[in-house]
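*Asks:* pasting the sequence and the predicted model now:
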2 protein chains.
Amino acid sequence: MRDSAAGLLAAVADCIGPELAAVDRLFHLELSSGIKCVDALVKHVSRFRGKMLRPMLVLLTGKACGKLTDAHITIATVVEMVHMATLVHDDVLDEAELRRKGATINHLRGNEAAVLLGDYLISHSYHLCSSLDSQRASRAIARTTNQVCEGELLQIDNRNNLDLDEKTYTQIITHKTAVLCAACCELGASLAGAPASTVSRMEKFGLCLGIAFQIQDDILDILGHTSQVGKTLGIDIEKGKMTLPMIHFMKNAPHEHQELLRSLLSGHEPDQVEKIRNLILPSDSIEYARQQARQYTQQARKALADLPASPARDVLDAMADFVICRTL
Amino acid sequence: MRDSAAGLLAAVADCIGPELAAVDRLFHLELSSGIKCVDALVKHVSRFRGKMLRPMLVLLTGKACGKLTDAHITIATVVEMVHMATLVHDDVLDEAELRRKGATINHLRGNEAAVLLGDYLISHSYHLCSSLDSQRASRAIARTTNQVCEGELLQIDNRNNLDLDEKTYTQIITHKTAVLCAACCELGASLAGAPASTVSRMEKFGLCLGIAFQIQDDILDILGHTSQVGKTLGIDIEKGKMTLPMIHFMKNAPHEHQELLRSLLSGHEPDQVEKIRNLILPSDSIEYARQQARQYTQQARKALADLPASPARDVLDAMADFVICRTL
């Protein structure tokens, strides 16, 4: 698996290496502040940096559909900022959990700064976006962040709802994760001058890839893995988030297993996560979730079919496959 | 004072009543969500509604400089949403304080929703802004929210800094409060087609009015008043925020009084706020802060001088005066 990740990254670098480096430079340039304490906080934020999945989607769809422009670099930077803002605010929500177990003023201070830092990031992303000639991207990005907020709010509203159904789960992950990936691909294609039908297919590609990505994320949270140091597992369980494997188990496992899961999720035993994992792993609920993720991946890859053959298209195809194979 | 407030409101209603009502309608229309739990939260947010000061500034400067357009209604709605988002996130920061005294899970749940609700509001404000033909307003609004975040972060960085100087205080209140008022007046004027020199004077008007407004807010927090039920006083003190009267006192009061204030601010006596008020009230530090606010008001009114005479200009002039006379 590590080889396939390395191979994919090498292909990405071959295809859009210089453009990704430009995104990185613009990111740092944009976020510097004349106010010293703000600048220090922003520097700190680098620990939240992701794997640049979203900028890659903008640049690869752009390249697969036509020529990359300066606007692609701008939008790729914007989506990474938006993503980071959501990570920073997620951190606030997570810290709330930690604090239930032992509040310290330091935690609270960090919390306040995190709220404002997330605001600072989102505000900068809109500012950067509004530097483009057309309003199209601004509209798409703001529409997307509206949906991300709705998804997160819907998720909170369903915290500890052990009867969450699959339809609402899909609605949550579509909003909170997939629409941003869809916007990346839509904008990547449209900024490259692709015709409306291609733009719409690229949007579909991003949406399906995003859903598959989130399902795999949720599977990994239950599966865990021991090879990586410092990875926290079972966060969804601790946060009262029902994810696809658990939803399937709650409906399809033998009745007494369902009741056991219900009682484990309602309780606060110290080895709660371990027990839940041991209950779900032998069932077919993980495989069911994998199957669903695979179906979305297939839909994503199908959306690429009409693009002319190119290295960028091949990398997009490999990425769609990779999001459901990854172990990290 | 209540008469002058009522008189001013009547003049505002005469001048821009229908437009303010249109802002109110657009506000509610924009924020409704297809997701039920989100819609319920947004309805809740109405309890944060302010006095529409910022929409008034957009509409009155627009009318004083030319003709009001649909874009004025849009931007007036945008700035009210931005303002509300900051109120909602301020509430998160305030709740952190409350929680130091007794945490409950309900508080935390409210906190999480407040973070996301603030994000939802700010995201909607950008979305609405990006519906306009030109990017000018989007750029101005995003630049402004950047500065608001910087001001708030600078404020948090100086929490419990008893040696905060007046220059940094002015920098904080300029960023966190005044730049949004400045943007309101700048956009109001530019959307009415005013020449660049007038736009720049209107921006100055808003900036000075905003600074005076915040100084008065800070004075009122110390002064308190008994006539209004339910108003919380001394919040700045409890939050470790040094405001202008305290900064002046710390530098100019007799040495032993300075030391007493320092010890009261560092301690956590139950009647801390009362004691600090009794210490500062007989000094000339409140009057000093008032004088500063008056000077900013005078600068604001001067910026109006070149506008042609009109009811809208008169109302702006009266507003500048009112922000430092108000007791609420």
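*Replies:* Nice, thanks for sending it over.
*Asks:* which positions in the stretch 151-300 of chain A make contact with chain B?
*Replies:* Residues of the stretch 151-300 of chain A lying near chain B by C-beta under 8 Å from any C-beta of the partner chain: A:152, A:153, A:154, A:156, A:157, A:171. All C-beta spots, glycine's among them, are computed from the backbone N, C-alpha and C.
*Asks:* and the second one, how many neighbours?
*Replies:* Using other C-beta atoms under 10 Å in any protein chain shown, the number of residues around residue A:153 comes to 27.
*Asks:* residue contacts, it?
*Replies:* B:35, B:37, B:38, B:41, B:113, B:116, B:117, B:120 (C-beta atoms under 8 Å, 6 or more residues apart in numbering or on different chains).
*Asks:* next: the fifth one.
*Replies:* Residue A:157 makes contact with residue B:37, according to C-beta under 8 Å, 6+ apart.
*Asks:* how much space separates it from residue A:164?
*Replies:* Distance, residue A:157 to residue A:164, by C-beta to C-beta, to the nearest Å: 10 Å.
*Asks:* also the second one?
*Replies:* From residue A:153 over to residue A:164 the distance is 15 Å, taken as C-beta to C-beta.
*Asks:* and if you look at the fourth one?
*Replies:* Note on residue A:156: its distance to residue A:164, by C-beta to C-beta, is 12 Å.
*Asks:* could you dump the contacts of residue A:153 to CSV with pLDDT?
*Replies:* Compiled in CSV, the contacts of residue A:153 are given as follows (pLDDT from 0 to 100):
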residue, pLDDT
B:35, 84
B:37, 81
B:38, 81
B:41, 79
B:113, 79
B:116, 87
B:117, 86
B:120, 92
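*Asks:* show me where pLDDT drops low in the stretch 151-300 of chain A?
*Replies:* Scanning the stretch 151-300 of chain A for pLDDT under 70 picks out the ranges A:225-233.
*Asks:* what do you get if the cut-off is 50, keeping everything else the same?
*Replies:* A:226-231 (pLDDT under 50).
*Asks:* ok, then the element right after the helix or strand hosting residue A:92?
*Replies:* Residue A:92 belongs to helix A:70-101 when assigned by DSSP states H and E. Sequence order places helix A:105-129 as the next helix or strand after helix A:70-101, per DSSP H and E.
*Asks:* among the residues of the stretch 151-300 of chain A next to chain B, name the ones in helices.
*Replies:* Applying DSSP state H to those, the entries found in helices are A:152, A:153, A:154, A:156, A:157, A:171.
*Asks:* surely the third one meets residue A:175?
*Replies:* Yes: between residue A:154 and residue A:175 a contact is recorded at 6.7 Å, counting by C-beta atoms under 8 Å.
*Asks:* would you agree residue A:72 is in contact with residue A:189?
*Replies:* No: in this structure residue A:72 lies outside contact range of residue A:189 using C-beta under 8 Å: 10.4 Å.
*Asks:* for the spatially most central residue of chain A, which non-adjacent residue is spatially closest?
*Replies:* Nearest to the mean C-alpha position of chain A, counting by C-alpha atoms, centre = their mean, stands residue A:177 at 4.8 Å. Among residues not flanking residue A:177 along the chain, residue A:214 sits closest, at 4.3 Å (C-beta to C-beta, 6 or more residues apart in numbering or on different chains).
*Asks:* what about residue A:307, how many residues nearby?
*Replies:* Neighbours of residue A:307 (other C-beta under 10 Å): 20.
*Asks:* ramachandran coordinates for residue A:242?
*Replies:* When quoted as degrees, to the nearest 10, the phi and psi of residue A:242 stand at phi -80, psi 130.
*Asks:* related to what we said a few turns ago, anything in contact with each of residue A:156 and residue A:164?
*Replies:* Contacts common to residue A:156 and residue A:164, judged by C-beta under 8 Å, 6+ apart, are absent.
*Asks:* just say helix, strand or coil for the closest residue to residue A:316 other than its chain neighbours.
*Replies:* Leaving aside its sequence neighbours, residue A:316 sits nearest to residue A:60 (C-beta to C-beta, 6+ apart; 5.2 Å). In three-state terms, and counting by DSSP: H, G, I helix; E, B strand; the rest coil, residue A:60 is helix.
*Asks:* quick one: residue A:60 and residue A:325, what's the gap?
*Replies:* Note on residue A:60: its distance to residue A:325, by C-beta to C-beta, is 18 Å.
*Asks:* neighbour count for these two, which is higher?
*Replies:* Neighbour comparison, residue A:60 and residue A:325: the larger count goes to residue A:60, with 29 against 13 (by other C-beta under 10 Å).
*Asks:* against residue B:63, how distant is the more buried one?
*Replies:* Counting by C-beta to C-beta, the gap from residue A:60 to residue B:63 is 50 Å.
*Asks:* I'd assumed residue A:257 was in contact with residue A:283.
*Replies:* Yes: using C-beta under 8 Å, residue A:283 makes contact with residue A:257 at a distance of 7.3 Å.
*Asks:* got any residues that touch both of the two?
*Replies:* In contact with both residue A:283 and residue A:257: residue A:249, using C-beta under 8 Å, 6+ apart.
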